[in-house]
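K.L.:
Sequence first, then the predicted structure, then my questions.
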Amino acid sequence: MVSSVASSYIICIVIFVAILLIFGIPRILSRVSLPGDFAWTELDELRLSPGAQSLFKKADQIASQLFFMPVKIFTVPGMPQKNEHKLYYNDAEAAGLLVTVMHTPQRVVAVLEFATRFEDGTELDTGNAPVSGLFVEPPWKDVARFPGQADLNKLYGSHRARVEQKKATGIAPRYARPESLMDEIRQAQVRQMDYQVEKGILKKDEKANVYRATPKIAFKGVSKFINPFADDFTLKKFLVGAALGLALTCLWVFLVDYLGLEAKIREIFPAYSASQITFLAFCPGFILAGLALGWQFPQKGFLWGFIISIPGIFLLPASAADPLVYSLLSAMAGYSANKLHGPEPMSQKLARLVGALVFLGILIIAYFLRVK
C-alpha cells in the first residue's frame, strides 16, 4: 500500500509542477510588466476602496502616536494590480512609512513598510510583506521582513532598533523634506529598476516604455509558488499549524473508531459501498485540518493542507479508495480558508470563501459518485 500511495502522490506532484511550468511561465512573460516611469496619481480619500479606507484609518491613529505625519495618498498607474498607497514621514527620525493595499485577482493584500535612508546611499527597510518578492535585492538596500506582523508599534520598534545599529557604525540618516519625498521615491524606483535589468530579472521595452518580465523572473515566480517554505512561512506558524492539522486528523480518526461512525452511517445508508461509507466518515477530519492550515498560512493553504494530510492517509482503513483525494480535500479546504485573510470587508471575504467552498463541494460530490 505504501508504495502505491507514494507513486500516486509523486505522479500528482509531477503533473502539478509540469502544468505550472508549461502554463505559468508563458503567462508571467506575457502579462507581467511594470511602468517605465514611476508616475503617481493622487487619490481622493473618499473614493478609496473599502479595504484601503479601513486600513488607512487605523494607520492614521497609530502613525500619529509615533509622530508620523501623512504626506500623500496615491496610486501608481500601469502596475499589474490595482494599488492604493498612503505615505507618512517622521521628520525627527528621518523615517518614512508606506501603507499599501494591493488588489490581486485572488485577494486584497495589505503591506506596511518603514524605510530610512542614510548619507552613504544605503537604505534600511522593515516591513510585513508576506511575499519576499521576485526582485534581486540590491547591495545598498537592507530589507527585514516580519510576515503577518500587523502591529505598527512592534514593526516600528524593530525598524528603530535596526536604525540604531546602523547609526552606531557612524553613518547618519539622511533627512528629507516631506515635499520632496515623492521625487526621492521616484529616483529610488529608477535605481531599483536599472539594477533588475542589470541582473536579468527585467528587460526594458523602450518603445512601449515598460519593463517586461524575463524567463529568469518567470521561473523564480513559479518556484516560489510551489515552495511551501516561501512567503508567509515561519517556524512558529509551521509548528502550530502542523500540530493542529495532525491533531485534528488523528482526533477525527480516533472518534470515527470510538463512536463506530462507519457502522452508524451504514445503518442509515445501507446501499452505499464500503468506500463511500469510509469517505463520509473520514473526510470531515481532513477538511478541518485543511481549514486550520489555511488559516495559519494565508498564502500557502493549498500546499500545506496537502502536505500535512499525508500522515493521516496511513491511518485510513483499507476500504478508503484513492487516498490522494483525501489530501486534495485538505488542500482545497486550506485554499478556502485563505479567502478569509485580507483587509477588505468581511462580506467580500465571505463571498470568496463561499465560492471556494462550492468548488470543494463539487469535488466531494464528484468523488463520492465516482467510488459508487
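P.N.:
Received it, and whenever you're ready, just let me know what you need. Numbering: from 1, shown residues only.
K.L.:
residue closest to the middle of the chain?
P.N.:
The centroid of the chain falls nearest to residue 299 when counting by Cα atoms, centre = their mean (3.0 Å).
K.L.:
Distance check, it against residue 330.
P.N.:
According to Cβ to Cβ, to the nearest Å, residue 299 and residue 330 sit 17 Å apart. C-beta coordinates here come from the backbone N, C-alpha and C atoms, glycine included.
K.L.:
Give me the distance from whichever helix or strand residue 6 is part of to the chain's centre.
P.N.:
Using DSSP states H and E, the element containing residue 6 is helix 2-19. Taking Cα atoms, centre = their mean, to the nearest Å, one finds the center of helix 2-19 at 25 Å from the center of the full chain.
K.L.:
do the same with stretch 254-263
P.N.:
With Cα atoms, centre = their mean, you get 37 Å for stretch 254-263.
K.L.:
how's the protein carved up into domains?
P.N.:
33-214, 228-370 (automatic domain parsing).
K.L.:
deepest of these, which one?
P.N.:
Among these, domain 228-370 has the highest mean neighbour count (mean count of other Cβ atoms under 10 Å), at a mean of 19.
K.L.:
mean confidence for stretch 323-331?
P.N.:
Here stretch 323-331 scores 89 as its mean pLDDT.
K.L.:
My error: substitute stretch 115-125 in the last question.
P.N.:
Stretch 115-125 carries an average pLDDT of 94.
K.L.:
Run through who's touching that stretch.
P.N.:
Contact with stretch 115-125 is made by 93-98, 113-114, 126, 140-144, 159, 162-163, 166, 171-174, 176, 184, 188, as judged by Cβ atoms under 8 Å, 6 or more residues apart in numbering.
K.L.:
what do you get if the cut-off is 7 Å, keeping everything else the same?
P.N.:
94-96, 113, 140-143, 162-163, 166, 171-174 (Cβ atoms under 7 Å, 6 or more residues apart in numbering).
K.L.:
got the residue ranges for the strands in the chain?
P.N.:
All strands of the chain, identified by DSSP state E, fall at 33-35, 41-42, 69-75, 82-90, 95-103, 108-117, 123-127, 141-145, 202-205, 210-213.
K.L.:
residues making contact with the first one?
P.N.:
Just to be clear, that refers to strand 33-35. 76-79, 210-212.
K.L.:
now, which of the residues you listed sits nearest residue 195?
P.N.:
Closest approach to residue 195 among the contacts of strand 33-35 (Cβ to Cβ): residue 211, at 11.5 Å.
K.L.:
Verify the contact between that closest one and residue 201 for me.
P.N.:
No: counting by Cβ atoms under 7 Å, residue 201 is not a contact partner of residue 211; they are 9.1 Å apart.
K.L.:
avg pLDDT for stretch 292-303?
P.N.:
On average, stretch 292-303 scores 86.
K.L.:
how long is that stretch from one end to the other?
P.N.:
Terminal residues of stretch 292-303 are spaced 13 Å apart (Cα to Cα, to the nearest Å).
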